[in-house]
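Colleague: Build me a model from this:
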Amino acid sequence: MKKLIAVVLALVMVFALCACGSSSAPAQSASAPAEEAAAADAAPIKVGLVALHDENSTYDKNFIDAFKAACDACGVEGLIKTQIPEEAAAYDAACEFADDGCALVFADSYGHQSYILDAAKEYPEVQFVSCTGDTALNDGVANFHNAFASIFQGRYIAGVAAGLKLKEMIDAGEFTASEAKVGYVGAMTYAEVKSGYTSWFLGVRSIVPEATMEVVFTGSWYDETLEKEGAQKLIANGCKLISQHADSWGAPTACEEAGVPNVSYNGSTISACPNTFIISSRIDWTPYFTYAIKAVQAGEAFDTDWCGNLETGSVALTDVNEAVAAEGTAEKLAEVKAAILDGSLKVFDCSTWTKDGKNLSSYTDSWGLNGAEAIENGVFTESTLRSAPYFDIDIDGITLLG
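Modeller: Prediction:
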């Protein structure tokens, strides 16, 4: 009987999805008693998560923790499949969830997207979400969705923390401002990674304008050996501080061994790197998972393409490691966060960076958005044309090492 109720509600939702909106981020709020009572009466659905790796990956652990928290908050049964590669196995996993009675299925990796879309076409009564994906707005499949968050905001704030540490070392005479080179270990050459390291670098430069950066790519989202070797290469090249967009502890561990300050991603590495970890930014997926689950429980439509931010609680930072960070870091970061929230600070303000020596005033997309203009009023409007990042510009001051 429970399964029949879930199927009926899902069918109702398919018809409602014809009115589904595009990218937006509904405000999140703490549950009031009335909302808790409503959740208790909601449909007892099952929800599935397809994960690329397992909890040994900082990236997947971040998703898994949020998924469990949202399922608990909504009172639903959550099922998880880990170690699902970006190939046909993702389609199989999603279909297995649907066959098992799941009314909603999430996948956590960009490379899962095409396979999750195929599953959505196969099971129109089930809702499917490819998190970090970028095709749902154009696919025209009513039960297929994308979601992301404006993580560039968190990256920038973490970059400010890095810049403050650099300035502290410069003031202490460890090196000069002209020698303030930072390093970054990136997984892929996707816009998602470029947007992340550029926003982080702009945060660094807001404190140390002379800073430069070198970037290495591993070609893999999770390869501890390559990530560690990449960080070691950057340190050998004279990089004074390292950050990353890769999913293992390889780069932070290399920094701890070399005594080089580090800004990690997707969670704190302080337990293994107490002498070098400064701060970490991450996407908190709990608000989105909760939003989507509640919509399915209620038989309501939810966004085809959803984007969270600092305001929705979808962009989060760890506590500052006061033992390593520069004095006054926490207070400065609070000021920067407030400025982003009130709109007085724009992360991709085109006056703060150049491409081939010029400040750009126009940039039309190559990301399947029909030639949309990305720069408005002197600002590159990241994650507004769609939720997934599309800043793919190689700005001056950054050297790509391959």
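
Colleague: what's whichever strand or helix holds residue 106 packed up against?
Modeller: Element membership for residue 106, per DSSP states H and E: strand 102-107. Applying 3 or more Cβ pairs under 8 Å, 6 or more residues apart in numbering; DSSP states H and E, we find strand 102-107 packed against helix 2-16, strand 46-50, helix 88-99, helix 113-122, strand 127-131, helix 286-298. For glycine as for every other residue, the C-beta is placed from the backbone atoms N, C-alpha and C.

Colleague: Could you rerun that using 7 Å?
Modeller: Under the contact definition 3 or more Cβ pairs under 7 Å, 6 or more residues apart in numbering; DSSP states H and E, strand 102-107 sits against helix 2-16, strand 46-50, helix 88-99, strand 127-131, helix 286-298.

Colleague: State the mean pLDDT of the top helix by length along the chain.
Modeller: The longest helix of the chain (DSSP state H) is helix 151-171. Across helix 151-171, pLDDT averages out at 98.

Colleague: ok, residue 248 - contacts?
Modeller: Taking Cβ atoms under 7 Å, 6 or more residues apart in numbering, we find residue 248 in contact with 57, 222-224, 227.

Colleague: Can you tell me which of these is closest to residue 170?
Modeller: residue 227 (27.3 Å; Cβ to Cβ).

Colleague: Only the C-alpha atoms, please, for the strand holding residue 106, written as PDB.
Modeller: Extracted as PDB, the C-alpha positions of strand 102-107 are listed here (Å, rounded to 0.1, in the frame of the first residue of the first chain):
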ATOM      1  CA  CYS A 102      12.300   5.000  -4.800                       C
ATOM      2  CA  ALA A 103      10.300   8.100  -5.800                       C
ATOM      3  CA  LEU A 104      13.400  10.300  -6.000                       C
ATOM      4  CA  VAL A 105      16.900   9.500  -7.100                       C
ATOM      5  CA  PHE A 106      20.000  11.700  -6.700                       C
ATOM      6  CA  ALA A 107      23.400  11.200  -8.300                       C
END
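
Colleague: Note down every partner strand of it and its orientation.
Modeller: Here strand 102-107 is paired, per DSSP bridges, with strand 46-50 (parallel), strand 127-131 (parallel).

Colleague: and those strands, which is most packed in?
Modeller: Looking across the strands paired with strand 102-107 with neighbours counted as mean count of other Cβ atoms under 10 Å, the highest average goes to strand 127-131: a mean of 28.

Colleague: Let's see the helix or strand just after that one as CSV, backbone CA atoms only.
Modeller: Once the chain leaves strand 127-131, the next helix or strand it forms, by DSSP H and E, is helix 136-139. The C-alpha trace of helix 136-139 is given here as CSV (Å, rounded to 0.1, in the frame of the first residue of the first chain):
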residue,chain,number,x,y,z
ALA,A,136,18.5,19.7,-17.6
LEU,A,137,17.4,23.2,-18.7
ASN,A,138,17.8,22.1,-22.4
ASP,A,139,16.9,18.4,-22.1
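
Colleague: Rounded mean pLDDT for helix 136-139, please.
Modeller: Helix 136-139 carries an average pLDDT of 94.

Colleague: Report the distance from it to the chain centre.
Modeller: Here helix 136-139 is found 20 Å from its chain centre; the criterion is Cα atoms, centre = their mean, to the nearest Å.

Colleague: repeat for stretch 141-156
Modeller: 7 Å.

Colleague: Now do it: distance from first to last residue.
Modeller: Length of stretch 141-156, first residue to last, Cα to Cα, to the nearest Å: 34 Å.

Colleague: pLDDT weak spots in this protein?
Modeller: Scanning the chain for pLDDT under 70 picks out the ranges 1-43, 365-369.

Colleague: rerun at 80
Modeller: 1-43, 365-370, 402 (pLDDT under 80).

Colleague: Make CSV out of the strands paired with strand 102-107 and add distance to residue 316.
Modeller: Listed next are the strands paired with strand 102-107 as CSV, based on distance: least, Cβ to Cβ, whole Å:
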stretch, distance to residue 316
strand 46-50, 19
strand 127-131, 16
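
Colleague: Look up how far residue 226 lies from residue 250.
Modeller: Counting by Cβ to Cβ, to the nearest Å, the gap from residue 250 to residue 226 is 7 Å.

Colleague: So between the two, which is more surrounded?
Modeller: The residue with more neighbours, out of residue 250 and residue 226, is residue 250; 23 against 20, by other Cβ atoms under 10 Å.

Colleague: mind checking how far the more buried one is from residue 318?
Modeller: 19 Å.

Colleague: just residue 270 next, same as before
Modeller: 8 Å.

Colleague: Same check on residue 357?
Modeller: 37 Å.

Colleague: who has more neighbours, those two?
Modeller: residue 318 (18 against 6).

Colleague: contacting residues around the more buried one?
Modeller: Per Cβ under 7 Å, 6+ apart, neighbours of residue 318: 267-268, 279-280.

Colleague: just these now: which is nearest residue 261?
Modeller: Among the contacts of residue 318, and counting by Cβ to Cβ, the member closest to residue 261 is residue 279, at 10.2 Å.

Colleague: what about the closest one, which SS state?
Modeller: strand (DSSP: H, G, I helix; E, B strand; the rest coil).

Colleague: can you map out the strands along the stretch 151-300 of the chain?
Modeller: Counting by DSSP state E, counting those that start in this stretch, the segments of the stretch 151-300 of the chain that form strands are 181-186, 212-217, 241-245, 262-265, 277-283.

Colleague: Mind putting the ones you listed into JSON lines with distance to residue 234?
Modeller: Below are the strands of the stretch 151-300 of the chain laid out as JSON lines (distance: least, Cβ to Cβ, whole Å):
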{"stretch": "strand 181-186", "distance to residue 234": "3"}
{"stretch": "strand 212-217", "distance to residue 234": "6"}
{"stretch": "strand 241-245", "distance to residue 234": "6"}
{"stretch": "strand 262-265", "distance to residue 234": "11"}
{"stretch": "strand 277-283", "distance to residue 234": "16"}
